[in-house]
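Enquirer: Here's my sequence, what's the structure:
(one chain, ligands or ions: 2)
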Amino acid sequence: MNPNAQFPRFLADEEATLAFGGSLAAVLDAPLVIYLQGDLGAGKTTFTRGLLRGLGHAGSVKSPTYAIVESYPLSGKTVHHFDLYRFTAPQEWEDAGLDDLLTEDSVCLIEWPQQGEGFAPAADLSVRLENVENGRSCSVEACTERGREILEAWLS
Ligand code: ADP
Ligand code: MG
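Expert: Residues are numbered from 1 along each chain as shown. Ligands and ions are numbered 1, 2, ... in the order given. Model (predicted):
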């Protein structure tokens, strides 16, 4: 299978972004790091909301823009949803002790990962969202062998 042949994928509305995020839940395995790339309003938090719902999270999913991270303990794993938009320097990752959240059972989704460059963990998977007409265009890239396995399972 060539995963690239399945991208970019057009997500026509918010429901499509939620559903695509939710479809990752079935194959997700910890530990894993996923970068969420794209401008403000591209759908990064919406994608994460879909994934969390797919994993059985019933409560709300707040954007972690102010808190930097929101953590969701779920059965067998903990999802940490980061938003580094407000970092003034990548060093803030270390100063805030965020490495302590990187455990064997953690799945990390990171919005604005470039704001933590050199300190935030490297990505296994990178999801890129872009505004296209009234919807979004989405591409996913595997950055490690582990990411490639999950991407293949996700798309098969
Ligand atoms: P980000 O976290 O990238 O800043 P959000 O997930 O908060 O963006 O989404 C911003 C807005 O985009 C929300 O109002 C959401 O409903 C909308 N949105 C998400 N996906 C789509 C889509 N595929 N088509 C149209 N609007 C979408
Ligand atoms: Mg967001």
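Enquirer: Could you find the closest non-adjacent residue to the closest residue to ligand 2 within the chain?
Expert: When distances are taken as CB to the ion, the chain reaches nearest to ligand 2 at T45, 3.4 Å away. All C-beta spots, glycine's among them, are computed from the backbone N, C-alpha and C. Using CB to CB, 6 or more residues apart in numbering and skipping the chain neighbours, the partner closest in space to T45 is S63 (4.8 Å).
Enquirer: Tell me the spacing between the one you found and I150.
Expert: Using CB to CB, to the nearest Å, S63 is found at 25 Å from I150.
Enquirer: same check, this time on L36
Expert: Remark: distance between L36 and I150 (CB to CB) = 15 Å.
Enquirer: Look at the two and report which has more neighbours.
Expert: L36 (25 against 21; other CB atoms under 10 Å).
Enquirer: Confirm that one sits in a strand?
Expert: Yes. Under DSSP: H, G, I helix; E, B strand; the rest coil, L36 sits within a strand.
Enquirer: Contact partners for it?
Expert: By CB atoms under 8 Å, 6 or more residues apart in numbering, the contact list for L36 reads 44, 47-48, 109-111, 113, 127, 129.
Enquirer: same thing but 6 Å
Expert: Neighbour list for L36: 44, 109, 111, 127 [criterion: CB atoms under 6 Å, 6 or more residues apart in numbering].
Enquirer: One more: L102?
Expert: P121.
Enquirer: ok, now A12?
Expert: Shown in contact with A12 (CB under 6 Å, 6+ apart): G135.
Enquirer: can you list the residues of this protein near ligand 1?
Expert: 11, 13-14, 16-17, 38, 40-46, 111, 135-136 (CB under 6 Å from any ligand atom).
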